[in-house]
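In: Fold the following for me, if possible:
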Amino acid sequence: MKGKGVIVFALLVGAAWLGYRSLPPYYNPFASLQLSDPPGRITQFKLRRLSAEQCQALLAEANQRHLITSQKVADSAGACPLTNVVRVRDFGDVRLSSSFLASCPLALSSALFVEQQAKPLAQQLMGSPLRQIDHFGSYACRNIYHRENARLSEHATADALDISAFRFANGKSVTVLKGWPRPETQPFLRALLASSCNYYGNGLGPEYNAAHANHFHLGMRGYGLCR
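Out: Numbering: from 1, shown residues only. Now for the predicted structure:
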């Protein structure tokens, strides 16, 4: 009986190994991230474990595919030093209210979020292509909520972006502040915020607290707190 047990165990291990080897790369959390990987927790996990070199290579590919326009920024010192940072100028055919500084992971996550979620949801729920994203900025050398004794904010390392509004090809726009309570625009905004968990570590909106009543805070800390 003992010999049979060893054989059964070996067969189970072999089957598990074959199953793991046959997984499509986008379902394999240890396979390299591809820009075409579908949204989900596995993609988010891969984004979080990228080395600086891997992130830079994927961001360069995203630039070539016109998912984003970004330029490398020199590292800086000071109270809030920056490393591996770029200036984001647009997300392809989606303009920005202004350029912003972003860590490589934030820039890459945002490019995928806009391409795979924001653009399709705009067409599906708002009936018009997304043309511009308005924001309050990304980098700010400060503590959380500007509190003197709090830890540094994600903004202090350019690891978060605050989005305030979306503009569409038909000339209409939706702000987080006014659009969240309205039944005709709330589904679009809720869907966006919920889907941000597939890319960012956290996504905070109007129902998180009063400080986020007028914007979505999309940051890299954590593993999927979106509310």
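In: Please make it C-alpha for all contacts and neighbour counts, starting now.
Out: Will do.
In: Tell me, how many residues neighbour H215?
Out: 22 (other Cα atoms under 10 Å).
In: how close does it sit to L33?
Out: 29 Å (Cα to Cα, to the nearest Å).
In: same question, R41
Out: 12 Å.
In: go on, P206?
Out: In terms of Cα to Cα, P206 sits 32 Å off from L33.
In: and the two? which has more neighbours close in?
Out: Higher neighbour count among P206 and L33: L33, with 22 against 18, using other Cα under 10 Å.
In: What is the three-state secondary structure of the more buried one?
Out: Each residue gets one of three states, and L33 gets coil by DSSP: H, G, I helix; E, B strand; the rest coil.
In: Please report phi then psi for D134.
Out: With angles defined as degrees, to the nearest 10, D134 sits at phi -100, psi 150.
In: With the one 4 residues further on instead?
Out: Listed backbone geometry of S138 is phi -130, psi -60, with angles given as degrees, to the nearest 10.
In: which residues does it contact?
Out: Contacts for S138 (Cα atoms under 8 Å, 6 or more residues apart in numbering) come out as F100, L101, A102, H155, A158, D159, A160, L161, D162.
In: again, but for L225
Out: By Cα under 8 Å, 6+ apart, the neighbours of L225 are C197, G201, N202, G203, L204.
In: Kindly report the same for G40.
Out: With Cα under 8 Å, 6+ apart, G40 has these contacts: C197, N198, Y199.
In: Hmm, the last one is touching T43, no?
Out: Spelled out, it's Y199. Yes - using Cα atoms under 8 Å, Y199 is in contact with T43, at 7.1 Å.
In: show me where this structure has helices.
Out: For the chain, the helices defined by DSSP state H occupy 2-21, 41-48, 52-64, 104-113, 119-121, 176-179, 186-195.
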